[in-house]
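Enquirer: Kindly generate the corresponding structure for this input.
(one chain, ligands or ions: 1)
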Amino acid sequence: MTISELSILDLQAVGPTASHNILQGILDAVRESVLIVDSSTRITASNLAAYEAFARQIGPLENRRLSEVIRDVNLHEAFQKAIDIGESSNIKLEFIGTEKRRYDIHVAPIEVQNSRNAVGVFYDVTQIELLEKVRQEFLSNISHELRTPLTSIMAFVETLEDGAIDDKENNRRFLGVIRRNAERMHGLISDILELSMIESGTVSIDIKQAKLFNLVEDVFASLSSKAKAREVKLINHVSPDLTVRADPFRLEQMLTNLIDNGIKFNRPSGSVTVALHQANGSHAISVADTGEGVMTEHLQRIFERFYRADRGRTREVGGTGLGLAIVKHLARLHGGEVSVTSALSRGTTFVIELPAK
Ligand code: ADP
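Expert: Here you go, the predicted structure:
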């Protein structure tokens, strides 16, 4: 006996009320929205998913005209075609209810008591399409970010090959440009690999009591020549005996990204100050600079991969556009969070909040 024979037999055996309940139970258990309409396109049956998707603001769907619930010409044509000539079709729909959602819909004829009705099954593809968009944007960003330094490397290699290699005044300068662009590509690829490892969950953290003062000093030491070149003062306000619960290597990585940005987006004679505050069972590590600040419209987006508030400025100061995304993921890996506040021309403060226990 096949599964369909078994289910038909069972439904017949249990009687009309019970079989209706079984069918309704199955329909309510599926994630796709299902609408059945009669020959005058009035809804005769629906499931829970359809109620959630289309009826929240208007109440029960049964006995309503399809056009009352969803106004879409293509959808109507598809249902009408199924009823009039018994033909199935697939269409796409964008529905704006409490939020905007996109559906792939299969509409098919269905015989109910000698009359031709139609059933529509709505697959919600909003999330899949969003992920696909993010994937495409990510690929196009990476390609763009890699192509820019590569184009420069190729141009300078060609110039050297065309004779500039013997030009004693410029050949070293050209090699310097090639090296800087190669370093930029290397940094970008390292950050992409790092981010993808953190996102895929392959990075594990080893939480200990870490002396924040010492970590900050180490980061300051590695960034001191950059700070000096930009005349930015680095200030460690952390008390030397305080500890935080964190993976020291990962915390250093987060601090490096934030302090590096604090130096890059600062002004001459500005400063970057690191401090620690304890409140409500958490440790808040702040990295505050006296730089140009970030406009409110950009502020919530700067943690996105490749988002830059000012592309031109970034080209000038360098960077991969991935640093803050890495900080955000690492903070979350610690069970914490990172936030930002900023005032234009006054400065920006990032706060990494970590659980104290
Ligand atoms: P980038 O490699 O470009 O620095 P990030 O992810 O670290 O990438 O930062 C993303 C963007 O956020 C930067 O390009 C910049 O526009 C803005 N930003 C980050 N930190 C600061 C800061 N301290 N002051 C001003 N703008 C900042």
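Enquirer: give me every residue that touches the residue of the stretch 251-357 of the chain at minimum distance from the ligand.
Expert: Residue nearest to the ligand within the stretch 251-357 of the chain: residue 319 (2.4 Å; C-beta to the nearest ligand atom). (Each C-beta comes from the backbone N, C-alpha and C, glycine too.) Residues in contact with residue 319 (C-beta atoms under 8 Å, 6 or more residues apart in numbering) are 261, 264, 308.
Enquirer: The ligand next: which of those residues are close?
Expert: With C-beta under 6 Å from any ligand atom as the criterion, the contacts of residue 319 include 261, 308 near the ligand.
Enquirer: Just the closest of the contacts of residue 319 to residue 297, please.
Expert: Distance to residue 297 across the contacts of residue 319 (C-beta to C-beta) is lowest for residue 308, with 13.1 Å.
Enquirer: hang on, the closest one packs against residue 320?
Expert: No: using C-beta atoms under 8 Å as the test, residue 308 is too far from residue 320 to be in contact (10.0 Å).
Enquirer: the more surrounded of those two?
Expert: Each of residue 308 and residue 320 has its neighbours counted (other C-beta atoms under 10 Å); residue 320 has more, 22 against 16.
Enquirer: avg pLDDT for stretch 350-357?
Expert: Per-residue pLDDT values over stretch 350-357 give a mean of 94.
Enquirer: can you pull the buried residues of it?
Expert: The neighbour-count criterion (16 or more other C-beta atoms under 10 Å) identifies 350-354 as the buried residues of stretch 350-357.
Enquirer: go on, stretch 230-242?
Expert: Buried-residue list, stretch 230-242, by 16+ other C-beta under 10 Å: 230, 232, 234, 236, 238.
Enquirer: Please apply the same query to stretch 67-80.
Expert: 69-70, 72, 75-76, 78-80.
Enquirer: before we move on, which element is the residue of the stretch 251-357 of the chain closest to the ligand in?
Expert: Secondary structure assignment for residue 319, by DSSP states H and E: no helix or strand.
Enquirer: so what's it scoring on pLDDT?
Expert: Reported pLDDT for residue 319: 73.
Enquirer: same thing with residue 263?
Expert: pLDDT, residue 263: 96.
Enquirer: Now do the contacts for it.
Expert: By C-beta under 8 Å, 6+ apart, residue 263 lies in contact with 223, 226-227, 230, 232, 234, 272, 289.
Enquirer: mind running it again at 7 Å?
Expert: Listed by C-beta atoms under 7 Å, 6 or more residues apart in numbering, the contact partners of residue 263 are 223, 226-227, 230, 232, 272.
Enquirer: What residues does this protein have near the ligand?
Expert: 257, 261-262, 265, 289, 291-292, 294, 302, 307-310, 314, 319-325, 348.
Enquirer: Emit the PyMOL select command for whichever of those are buried.
Expert: Buried subset of the residues of the chain next to the ligand, written as a PyMOL selection, criterion 16+ other C-beta under 10 Å:
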select buried, resi 257+261+262+265+289+291+292+294+302+308+309+319+320+321+322+323+324+325+348
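Enquirer: From the residues of the chain next to the ligand, which land in helices?
Expert: Using DSSP state H, the subset of those located in helices is 257, 261-262, 314, 323-325.
Enquirer: Identify the farthest-apart pair in those residues.
Expert: 262 and 325 (17.1 Å).
Enquirer: and the buried residues of stretch 350-357 as a markdown table, adding distance to residue 197?
Expert: Formatted as a markdown table, those follow (distance: C-beta to C-beta, whole Å):
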| residue | distance to residue 197 |
| --- | --- |
| 350 | 23 |
| 351 | 25 |
| 352 | 20 |
| 353 | 23 |
| 354 | 21 |
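Enquirer: Let me have those residues in CSV, adding secondary structure as columns.
Expert: Supplementary listing: the buried residues of stretch 350-357 in CSV, determined by DSSP: H, G, I helix; E, B strand; the rest coil:
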residue, secondary structure
350, strand
351, strand
352, strand
353, strand
354, strand
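Enquirer: how close does residue 302 sit to residue 130?
Expert: 20 Å (C-beta to C-beta, to the nearest Å).
Enquirer: swap in residue 168?
Expert: For residue 168, the distance to residue 130 - C-beta to C-beta - is 56 Å.
Enquirer: Between those two, which is the more surrounded one?
Expert: Between residue 168 and residue 130, counting by other C-beta under 10 Å, residue 130 is the more crowded of the two (11 against 7).
Enquirer: in a helix, that's where the more buried one is, yeah?
Expert: Yes: under three-state DSSP, residue 130 sits within a helix.
Enquirer: which residues touch the closest residue to the ligand within the stretch 1-150 of the chain?
Expert: Here the stretch 1-150 of the chain gets closest to the ligand at one residue, residue 145, 10.1 Å apart by C-beta to the nearest ligand atom. The contact partners of residue 145, by C-beta under 7 Å, 6+ apart, come to residue 188.
Enquirer: Please identify the buried residues of the one helix or strand it maps to?
Expert: Per DSSP H and E, residue 145 falls inside helix 126-161. Neighbour counts using 16+ other C-beta under 10 Å place 141-142, 145, 149, 152-153, 156, 159-160 of helix 126-161 among the buried residues.
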